[in-house]
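S.K.: model the structure of this input:
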Amino acid sequence: MKQRGLMVLGLLLVSAFSGLTSSYADTHQSTAVFSGDPTQVFRSTNHPNRVAASAAAKQQCEQARGTREGYCEIVSIDSTAIGRAIDLKPIDENHPLFLWRYQSGQATVYLGGTVHVLKEGFYPLPRQYEQAFQASEKLVVEAAIDKIQPEQMQQKMLSYSLLEQGTLRDVLSPATYKQLNRYALVYGLPLEQMQGFNPALISQQLSVFAIMAMGYDPTLGMEAHYSARIEPENLLELESVDAQLALLLGQPLNVQRAMLRDALAQFDELAEQTDDLLGAWARGDDRRLGELIREQTGTSPEAQQFMRKLLDDRNVNMASGIAKMLQSSGSYFVLVGSAHLAGPQSIITELRRRGFSGQRIYSSDISVN
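M.R.: Now for the predicted structure:
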């Protein structure tokens with residue numbers, strides 16, 4: 001979803017900075033609950049940043065849970081409520097899923113809209129996703145990150161994210177840097193140790209830290225969930241890792257600065273925005289999801305141009321790749337970010353322009369076949 005939808009790439013650098021912290025006066029607290037007994041709360045206080053506070057609260061909960069079935073979940077950080085998975089999932093047993101079935105000749109494509117970061121409470125997913133996975137010979141993702149060794153992936157990221165000259169403080173306006181520093185302190189991002197990186201990488205890392213503080217985990221995203229269960233030779237990609245890195249981290253500096261400014265301007269609403277997006281996805285509400293994506297896009301010309309590249313242009317290219325699958329043979333389970341399946345210029349629309357109409361799958365459907 002949006003730029004944050006691909007933040008799993010940035011997770012690879014978290015460990016490099018997680019041991020570095022900054023000292024400042026403010027302290028933070030977080031609250032976790034156990035799904036088996038949500039009335040019992042586990043509150044962690046007086047931590048230097050929100051990531052540390054949430055990690056401590058969840059650890060308390062996990063220790064109390066022991067071997068009982070269920071999961072621990074962050075429900076607040078400081079004064080901000082974090083939506084529980086059970087409250088974001090729909091009550092209605094007959095609602096659309098972000099899942100379509102396309103068939104043409106000897107080919108079948110199950111097209112699923114994913115969330116790149118989730119938490120344990122969203123699992124198990126609706127059974128129709130599992131049915132689509134089991135019915136498919138190939139799993140197709142946007143970029144097959146799992147095929148690349150972590151060390152190689154980190155080197156790739158560094159090649160796109162290092163500043164050619166100067167420091168982060170040099171390339172940002174004083175006002176933007178001050179605002180960035182504020183949020184870096186809140187989430188524990190060691191800004192002084194990251195002066196050699198470009199604004200795009202910093203924005204990506206800050207988003208990773210913030211989403212982790214809310215209890216979301218890129219390793220629990222749908223792509224990771226299914227990629228771990230398939231042989232490497234049966235894992236295909238619509239794009240490439242290098243193409244995504246170039247898009248996310250290789251934009252001109254003026255675009256990166258504008259995108260960072262726009263992101264920081266909305267950062268206080270990140271928890272609410274995440275709840276809204278996850279709720280729309282869980283309900284299969286592609287219209288609302290498309291509206292939210294557009295609403296949360298920055299108003300600067302640079303942001304608008306970037307979103308056209310991130311969504312509209314890529315939708316055309318990914319639809320072309322899916323159309324080729326439909327013109328071949330075999331069965332494919334294609335997973336793309338849900339934002340690519342919402343709005344007037346979605347992959348669904350692009351496939352329809354090419355003469356392919358898919359069947360929408362509902363949560364009440366007995367089978368995807």
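
S.K.: quick one: least confident helix or strand in the protein?
M.R.: When the helices and strands of the chain are compared on mean pLDDT, DSSP states H and E, helix 14-17 comes out lowest with a mean of 42.

S.K.: could you name the helices and strands sitting against the helix or strand just after it?
M.R.: Using DSSP states H and E, the helix or strand that directly follows helix 14-17 along the chain is strand 28-34. Applying 3 or more C-beta pairs under 8 Å, 6 or more residues apart in numbering; DSSP states H and E, one finds that strand 28-34 makes contact with strand 37-47, helix 50-65, strand 72-77. For every residue, glycine as well, the C-beta is placed using N, CA and C.

S.K.: identify whichever of the ones you listed lies nearest to residue 179.
M.R.: Closest approach to residue 179 among the helices and strands packed on strand 28-34 (C-beta to C-beta): helix 50-65, 16.5 Å.

S.K.: pull that closest one out as CSV, backbone CA atoms only.
M.R.: Taking Å, rounded to 0.1, in the frame of the first residue of the first chain, the C-alpha atoms of helix 50-65 are listed here in CSV:
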residue,chain,number,x,y,z
ARG,A,50,8.2,3.8,20.7
VAL,A,51,9.9,0.8,19.1
ALA,A,52,11.5,-0.1,22.5
ALA,A,53,8.3,0.5,24.4
SER,A,54,6.2,-1.8,22.1
ALA,A,55,8.9,-4.5,22.1
ALA,A,56,8.9,-4.5,25.9
ALA,A,57,5.1,-4.5,26.2
LYS,A,58,4.8,-7.4,23.7
GLN,A,59,7.5,-9.3,25.6
GLN,A,60,5.6,-9.0,28.8
CYS,A,61,2.5,-10.3,27.1
GLU,A,62,4.4,-13.3,25.5
GLN,A,63,5.8,-14.3,28.8
ALA,A,64,2.4,-14.2,30.4
ARG,A,65,0.8,-16.1,27.5
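
S.K.: buried residues in it?
M.R.: 50, 51, 52, 53, 54, 55, 56, 57, 58, 60, 61, 65 (16 or more other C-beta atoms under 10 Å).

S.K.: circling back: could the helices and strands packed on strand 28-34 be laid out in JSON lines, adding distance to residue 30 and mean pLDDT?
M.R.: Rendered in JSON lines, the data for the helices and strands packed on strand 28-34 read as follows (distance: least, C-beta to C-beta, whole Å; pLDDT from 0 to 100):
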{"stretch": "strand 37-47", "distance to residue 30": "5", "mean pLDDT": "94"}
{"stretch": "helix 50-65", "distance to residue 30": "4", "mean pLDDT": "97"}
{"stretch": "strand 72-77", "distance to residue 30": "5", "mean pLDDT": "97"}
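
S.K.: any low-confidence regions in the stretch 1-150 of the chain?
M.R.: 1-25 (pLDDT under 70).

S.K.: format the helices and strands packed on strand 28-34 as TSV; extra columns: distance to residue 264.
M.R.: Output for the helices and strands packed on strand 28-34, formatted as TSV (distance: least, C-beta to C-beta, whole Å):
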stretch	distance to residue 264
strand 37-47	22
helix 50-65	16
strand 72-77	18
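
S.K.: figure out which of those is closest to residue 369.
M.R.: Smallest distance to residue 369 across those (C-beta to C-beta): 34.3 Å, for strand 72-77.

S.K.: outside of stretch 301-313, which residues touch it?
M.R.: Applying C-beta atoms under 8 Å, 6 or more residues apart in numbering, the external contacts of stretch 301-313 come out as 2-3, 247, 251, 254-255, 258-259, 262, 293, 297-298, 339-340, 343, 345.

S.K.: let's see which of those end up in helices.
M.R.: Members of the contacts of stretch 301-313 lying in helices (criterion: DSSP state H): 247, 254, 255, 258, 259, 262, 293.

S.K.: need the nearest residue in space to the fourth one, chain neighbours excluded.
M.R.: Here the nearest residue to residue 258 in space, its sequence neighbours aside, is residue 302; by C-beta to C-beta, 6 or more residues apart in numbering that works out to 3.6 Å.

S.K.: what about the one you found, helix or strand, and which?
M.R.: Per DSSP H and E, residue 302 falls inside helix 301-307.

S.K.: how much space separates residue 71 from residue 110?
M.R.: Computed as C-beta to C-beta, to the nearest Å, the residue 71 to residue 110 distance reads 27 Å.

S.K.: so for those two, which sits in the more crowded spot?
M.R.: Comparing residue 71 with residue 110 by other C-beta atoms under 10 Å, the one with more neighbours is residue 110, at 26 against 19.

S.K.: sec struct for that one, please.
M.R.: strand (DSSP: H, G, I helix; E, B strand; the rest coil).

S.K.: report the beta-bridge partners for it.
M.R.: residue 101, residue 333 (DSSP bridges).

S.K.: that one against residue 332, yeah?
M.R.: Yes - contact criterion C-beta atoms under 8 Å: residue 110 and residue 332 qualify, at 7.0 Å.

S.K.: on that earlier part again, what's the ChimeraX line that selects buried ones from the ones in helices among the contacts of stretch 301-313?
M.R.: Only the buried entries of those go into this ChimeraX selection, using 16+ other C-beta under 10 Å:
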select :247,255,258,259,262,293
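
S.K.: wait, which of the ones in helices among the contacts of stretch 301-313 is closest to residue 88?
M.R.: Among the ones in helices among the contacts of stretch 301-313, residue 293 lies closest to residue 88 (C-beta to C-beta), at 17.0 Å.
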